[in-house]
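[1] Dropping the sequence and predicted coords here.
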Amino acid sequence: GDSVTQMEGPVTLSEEAFLTINCTYTATGYPSLFWYVQYPGEGLQLLLKATKADDKGSNKGFEATYRKETTSFHLEKGSVQVSDSAVYFCALSEGFQKLVFGTGTRLLVSP
Amino acid sequence: DTAVSQTPKYLVTQMGNDKSIKCEQNLGHDTMYWYKQDSKKFLKIMFSYNNKELIINETVPNRFSPKSPDKAHLNLHINSLELGDSAVYFCASSQETGSSPLHFGNGTRLTVT
């Protein structure tokens, strides 16, 4: 079945450092890909998405490019802030709105 | 202006009890979901309803019964609670299209003692 693999956390960075969180997927067709973010005590929020190969999703300084050849959707940000500390989930949707999530990666940013 | 709201936020109960979690969305979405997040933050879909009809029913014990009285509400009833049911339960909603994002509620933390 479909699956998503994310790098294990926590990822610990200093403010203004460059962020990469790796995500690879396995799917039989052509899924849509998503990054969601979960702040403490809250539900998940959509951060960005891409619906076809070579699409780049971007939001709030975060970017991810849908790479079909490497089945990857890595999340990047050039300069992280303390307020970016959260858990980040990579996900895919192939069927009727059945999102499959990765295990989540906790990001901790220190001042 | 809460888009997806679920109640209660915290639920502490004893093994063997029956409890319900309520969810409502005011986004006009056609599809609603229940997800379970375990202690390691792993998220797994439990159920999905589209226009009050069950669409997705993952491998969930039949002690869990979702009910959708209308397309804005999806409640989750759990019978004979077990220790392993302790988790955070998230309600979500979306439009019908495959690439539409999910809008999540803030979760209900269920603790079974």
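    Cool, got the structure. Residues are numbered from 1 along each chain as shown, chains lettered A, B, ... in the order given.

[2] contacts, neighbours, all on C-alpha from now
    Fine.

[3] shouldn't B:Phe47 be in contact with B:Tyr35?
    Yes: here B:Phe47 reaches B:Tyr35: they are 7.3 Å apart, a contact under Cα atoms under 8 Å.

[4] what about B:Thr111, helix or strand, and which?
    strand B:108-112 (DSSP states H and E).

[5] Could you pull out the strands in chain A for me?
    Listed in chain order, the strands of chain A (DSSP state E) span A:3-6, A:11-14, A:19-21, A:23-26, A:32-38, A:44-50, A:56-59, A:62-65, A:75-77, A:86-93, A:99-101, A:105-110.

[6] same question but for chain B, I mixed them up
    B:4-7, B:10-13, B:19-25, B:31-37, B:43-50, B:53-57, B:64-70, B:73-78, B:87-94, B:103-104, B:108-112.

[7] tell me, how many neighbours does the residue of chain A found nearest chain B end up with?
    As assessed by Cα to the nearest Cα, chain B sits closest to A:Gly43 within chain A, at 4.1 Å. Counted with other Cα atoms under 10 Å in any protein chain shown, the neighbours of A:Gly43 add up to 21.

[8] same thing with A:Ser79?
    Per other Cα under 10 Å, the neighbour tally for A:Ser79 reads 14.

[9] residue contacts, it?
    A:15-19 (Cα atoms under 8 Å, 6 or more residues apart in numbering or on different chains).

[10] Greatest separation within these: which pair is it?
    Using Cα to Cα, the pair of these lying farthest apart is A:Glu15 and A:Leu19, separated by 10.2 Å.

[11] Contact partners for B:Gln14?
    B:81, B:112-113.

[12] what's the spacing between it and chain A?
    Distance, B:Gln14 to chain A, using Cα to the nearest Cα, to the nearest Å: 23 Å.

[13] Could you report the separation of that residue from B:Phe104?
    27 Å (Cα to Cα, to the nearest Å).

[14] quick one on the thing from earlier: so which of the strands of chain B is the most surrounded?
    strand B:87-94 (a mean of 26; mean count of other Cα atoms under 10 Å in any protein chain shown).

[15] Quickly run through the sheet partners of that strand, with directions.
    strand B:31-37 (antiparallel), strand B:103-104 (antiparallel), strand B:108-112 (antiparallel) (DSSP bridges).

[16] if I look at A:Glu15 and A:Leu19, which residues touch both of them?
    By Cα under 8 Å, 6+ apart, A:Glu15 and A:Leu19 have these common neighbours: A:79-80.
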